[in-house]
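Visitor: when you get a sec, could you give me coordinates for this:
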Amino acid sequence: MSDQGILPPEGFRTRGATPTGTRLVLIRHGEAFCNALGVVGGPLGCGGLTDLGRAQANALRARLELSREFDDAVALYTSVLPRAKETAAILAPGLPRHLVAQADCELCELHPGEADGLTWDEMVARFGGPDWDRDPDAPLAPGGESWTGFYERCVRILNIIEARHRGERVILVVHGGVIEQAMKLLEGAAPAVRLRLRTENCAITEIEFERDRRRLLRYNDRAPLAAE
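Guide: Below you'll find the model as predicted:
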């Protein structure tokens, strides 16, 4: 009997056929020094992974080595920030051996401009801090990005990667803000929307792109076993 004969109509399904579209697997980096110390984490302030961040990445690596759930991945991308590149390097044994990480600044967290390396209190004292609920086009600091500009950059690079790897699975080691913008793309939300997600370190989010449709396959997955 075919699946068509046993499955309910599509609008009633809670699962469905095996995904065949482009699957972007977005993995947030492990905890970084900028996260632990409350520092604006651009290239100057990132500081790389803390001991906890390395432990988080190693825990995910152990899962991937056991599950081999991403052995069909055809490419690996990271941002250029140390916390993302270090996380990808730790995960490498759990990914196909032929993958070589491609670092792209378009996948970075929101560009902080002159706030880079300051504590958040120092940033607010010096620049005031933007009120993105009122003005999402305001930059974080001089030379930095606005909330809407960040969205436009993320959507641009995600669409480029999706088109480059049509019908394939791709791993991206990125940042919480990038994952939020990807979720907005999934939902068709306006650039100014703020979802205020809480995406955990080394959590997996996977989005399928198939023609004009997008599906969320998983979000904030930190399970010890592979998702089906």
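Visitor: tell me the SS of Leu76?
Guide: Here Leu76 is strand, with the state taken from DSSP: H, G, I helix; E, B strand; the rest coil.
Visitor: could you give the bridge partners of it?
Guide: As for beta bridges, Leu76 partners with Ile171 under DSSP bridges.
Visitor: my guess is it contacts Asp104. True?
Guide: No. With contact defined as Cβ atoms under 8 Å, Leu76 does not count as touching Asp104 (11.1 Å). (Glycine included, C-beta is placed from N, CA and C.)
Visitor: show me which of those two is the more surrounded one.
Guide: More crowded of Leu76 and Asp104, by other Cβ atoms under 10 Å: Leu76, with 23 against 16.
Visitor: which residues of the chain score low on pLDDT?
Guide: Residues of the chain meeting the criterion pLDDT under 70: 1-16, 224-228.
Visitor: in it, where's the longest strand?
Guide: Across the chain, the strand with the greatest residue count (assigned by DSSP state E) is strand 213-221.
Visitor: each with direction, which strands does it pair with?
Guide: When pairing is defined by DSSP bridges, strand 213-221 lines up against strand 204-210 (antiparallel).
Visitor: which residues touch the strand it pairs with?
Guide: Contact with strand 204-210 is made by 19-28, 60, 162, 179, 182-183, 185-186, 199, 214-222, 227, as judged by Cβ atoms under 8 Å, 6 or more residues apart in numbering.
Visitor: buried set for it?
Guide: For strand 204-210, burial by neighbour count (16 or more other Cβ atoms under 10 Å) applies to Ile204, Thr205, Glu206, Ile207, Glu208, Phe209.
Visitor: cool, and stretch 62-71?
Guide: Quick answer for stretch 62-71 (16+ other Cβ under 10 Å): Arg63, Leu64, Glu69, Phe70.
Visitor: and stretch 75-84, by the same measure?
Guide: Those would be Ala75, Leu76, Tyr77, Thr78, Ser79, Leu81, Pro82, Arg83, Ala84, for stretch 75-84 by 16+ other Cβ under 10 Å.
Visitor: of the residues you listed, closest to Gly113?
Guide: The shortest approach to Gly113 among the buried residues of stretch 75-84 belongs to Leu81, at 14.8 Å (Cβ to Cβ).
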